[in-house]
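Enquirer: Curious how this folds, go ahead:
(one chain, ligands or ions: 1)
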Amino acid sequence: MFITKSITGDCISLVITFLVILIGYFKWSYQYWHKRNVPYLQPQIPFGNIKNPLRSKEFSGVTIKKIYDEMKTRGWKHGGLYVFNKPNYFPIDLDLVKNVMTKDFQHFVDRNTFANEKEPLHEHLLNLKGAKWRNLRAKLTPTFTSGKMKMMFSVMAECQEGLQKRLEKESLKNQPIDIKEVLACFTTNIIGTCAFGLEFKALEDEDSAFREFGRQLFTVSKLQMFKIMFIRTFPKLATSLNISAGRKETSKFIMNIVEDTVGYREKNNYTRNDFMQLLINLKNKAPPESGAHDGKPLTMNEIASQAIVFFAAGFETSSTLMTFALYELSKNPNIQEKLRSEINEVLAKHQNNITYDSIQDIKYLTQVIDETFRMHPPVPTLNRKCTKDYKVENQDAVIEEGTPVLISVLGIHYDKDYYPNPEKFDPERFSDENRKSRHHYAHLPFGDGPRNCIGMRFGLLQSKMGLVSLIRNFKFSLNEKTKQPLIYKPNSLVLSVEGEVWLNAERINTM
Ligand code: HEM
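Expert: Model (predicted):
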């Protein structure tokens with residue numbers, strides 16, 4: 001009882017004072033871009049330019065695309081936005097995007113991710129910063145060369161048979177097929193054999209622990225989504241409050257598998273053409289193929305951290321790509337038929353075998369994939385953090401160290417200036433001639449620059465293998481159970497469809 005004459009009165013006064021200070025603080029924060037000569041859209045207290053992650057029904061990538069559209073309509077080359085009260089820089093002009101990702105990369109080395117150091121498996125490429133990231137990237141880059149992919153092809157190809165059998169089984173049921181589920185099982189099996197040297201049996205066994213594990217990794221609740229955004233925006237506060245977005249069971253699950261696998265191979269002197277072997281080699285001796293690193297062998301923890309990120313990044317993005325490709329091919333039967341003819345034509349030149357080389361020769365498949373990536377990029381927003389103050393080229397603006405940067409891949413991919421009639425699925429946009437006539441940064445499914453996707457070749461290879469094997473043997477059409485128009489799920493880490501994509505598959509005899 002020191003402000004008013006009652007406890008209730010005092011409490012109300014305190015709450016009001018706190019709210020007034022908080023609102024004042026937010027208003028002051030929202031002057032940031034104005035003071036730096038960067039155009040910005042009016043933010044709303046307390047979420048800034050994003051929507052309430054606990055209540056919004058909109059996928060965050062779509063919200064960011066709308067911001068891109070708005071700024072582009074106003075003719076801005078770049079802009080500022082606020083996530084809660086945190087200023088984020090937003091390049092729009094493709095030359096500015098290129099500068100951030102490649103030309104002036106030394107100012108934007110880090111991603112705006114944050115991991116609680118108390119979590120055991122946080123030391124992976126997606127999270128690491130500065131010198132630690134450079135070191136690890138240099139050690140791991142030789143793991144993903146085309147030579148290594150070729151070497152892994154036979155291990156990968158074993159999973160293709162399982163995919164065909166599973167689809168055959170599904171098609172005989174005469175029921176709509178949840179195609180994403182089938183493809184996620186396929187890529188789970190591939191990553192199981194390539195990253196862990198184990199048979200995950202996700203296609204064969206509906207109760208596979210690994211498929212369940214993958215599902216859990218990518219099923220995030222609204223609360224978890226909120227936590228991810230909170231951690232990214234207030235990393236120091238999140239550390240002090242010991243808030244983490246990871247799950248302890250996940251780390252334990254992976255660590256046990258990795259320890260068992262490494263132990264077994266070392267004890268039995270067993271080697272295999274897979275990622276795990278390449279990681280074990282990096283643990284036992286300094287990596288020989290690239291000199292731009294500290295030369296220290298990988299620790300067991302580092303191996304497990306890479307394994308979990310290869311697992312997560314490896315299965316979900318590729319199954320997402322294949323799902324959207326089959327969705328678009330089902331809606332566009334002529335394009336599906338054209339692709340099937342080319343597949344059959346090329347494979348005929350390779351004794352009807354799906355080999356590493358025959359897959360690379362199917363040019364129209366690359367066009368279909370690139371157009372699918374354009375319309376449905378699995379990672380629709382890229383992010384970086386400014387690591388050194390940066391003067392924006394040809395603009396009177398300096399981006400301060402520590403400022404997060406967002407790049408709207410979805411916005412760029414639907415920009416009419418680069419892709420007229422953007423809602424139309426048209427693989428001809430990626431003919432050699434059309435591709436050359438466009439700015440290179442108008443297509444960013446794997447990001448770009450030194451921090452682009454390290455697993456691009458692997459992701460493309462497994463997706464091409466899956467699509468070739470399916471299109472060659474099955475005719476796909478859209479089942480009415482698929483909601484039209486597509487809506488992206490709000491709480492998802494990669495692009496995914498609300499209500500799932502349901503297809504009909506009819507077996508065709510190719511021989
Ligand atoms: C279709 C498949 C895939 C897509 C669309 C995809 C997309 C991406 C994107 C957009 C990024 C961020 C790039 C940037 O910030 O510039 C990324 C990073 C990354 N991806 Fe992928 N990815 C795919 C497959 C894979 C696979 C198969 C692996 C591993 C086996 C993988 C491992 C990684 C890693 C480790 C990073 C972080 C790289 C770094 O920071 O150095 N990805 N991916």
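
Enquirer: For the closest residue to the ligand within the stretch 51-200 of the chain, grab phi and psi.
Expert: Residue nearest to the ligand within the stretch 51-200 of the chain: residue 125 (3.9 Å; Cβ to the nearest ligand atom). The way it works is simple: take the backbone N, C-alpha and C, and place the C-beta from them, glycine included. Backbone torsions of residue 125, given as degrees, to the nearest 10, read phi -60, psi -40.

Enquirer: Is it in contact with residue 133, as I believe?
Expert: Yes - counting by Cβ atoms under 8 Å, residue 125 touches residue 133, with 6.8 Å between them.

Enquirer: and the residue nearest the centre of the chain, helix, strand or coil?
Expert: For the chain, the residue whose C-alpha lies nearest the mean C-alpha position (Cα atoms, centre = their mean) is residue 379; its distance is 3.9 Å. Following DSSP: H, G, I helix; E, B strand; the rest coil, residue 379 is assigned to coil.

Enquirer: try residue 419
Expert: Secondary structure assignment for residue 419 (three-state DSSP): coil.

Enquirer: What's the mean pLDDT across stretch 445-455?
Expert: Mean pLDDT, computed over stretch 445-455, is 97.

Enquirer: could I get that stretch in CSV with only the CA atoms?
Expert: Taking C-alpha atoms only, stretch 445-455 is exported to CSV below (Å, rounded to 0.1, in the frame of the first residue of the first chain):
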residue,chain,number,x,y,z
PRO,A,445,15.7,-23.2,-53.8
PHE,A,446,19.1,-24.1,-52.2
GLY,A,447,20.1,-20.6,-51.2
ASP,A,448,23.4,-19.3,-52.7
GLY,A,449,26.9,-18.3,-51.9
PRO,A,450,29.4,-20.0,-49.5
ARG,A,451,26.6,-20.8,-47.1
ASN,A,452,24.3,-22.4,-49.6
CYS,A,453,22.9,-26.0,-49.2
ILE,A,454,25.8,-28.4,-48.8
GLY,A,455,23.5,-31.4,-49.6
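
Enquirer: who's in contact with it?
Expert: Residues outside stretch 445-455 that contact it (Cβ atoms under 8 Å, 6 or more residues apart in numbering): 98, 101-102, 105, 109, 111, 125, 133, 137, 140-141, 144, 310, 313-314, 370, 373-374, 377-379, 382, 384, 409, 440-441, 456, 459.

Enquirer: Would you mark the buried spots in that stretch?
Expert: Neighbour-count burial for stretch 445-455, counted by 16 or more other Cβ atoms under 10 Å, picks out 445-449, 451, 453-455.

Enquirer: near the ligand, from those?
Expert: Residues of the buried residues of stretch 445-455 in contact with the ligand (Cβ under 6 Å from any ligand atom): 445-448, 451, 453-455.

Enquirer: Give me the buried stretch members for the longest helix anywhere in the chain, please.
Expert: The longest helix of the chain (DSSP state H) is helix 300-331. Counting neighbours by 16+ other Cβ under 10 Å, one finds that the buried residues in helix 300-331 are 302-330.

Enquirer: Cross-check these against the ligand and keep the overlap.
Expert: 309-310, 313-314, 317-318, 321.

Enquirer: any chance of those residues in JSON lines, with pLDDT too?
Expert: Shown next, in JSON lines, are those (pLDDT from 0 to 100):
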{"residue": "309", "pLDDT": "86"}
{"residue": "310", "pLDDT": "87"}
{"residue": "313", "pLDDT": "86"}
{"residue": "314", "pLDDT": "84"}
{"residue": "317", "pLDDT": "95"}
{"residue": "318", "pLDDT": "96"}
{"residue": "321", "pLDDT": "98"}
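
Enquirer: Can you lay out these as JSON lines showing distance to residue 343?
Expert: Shown next, in JSON lines, are those (distance: Cβ to Cβ, whole Å):
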{"residue": "309", "distance to residue 343": "32"}
{"residue": "310", "distance to residue 343": "28"}
{"residue": "313", "distance to residue 343": "27"}
{"residue": "314", "distance to residue 343": "24"}
{"residue": "317", "distance to residue 343": "23"}
{"residue": "318", "distance to residue 343": "18"}
{"residue": "321", "distance to residue 343": "17"}
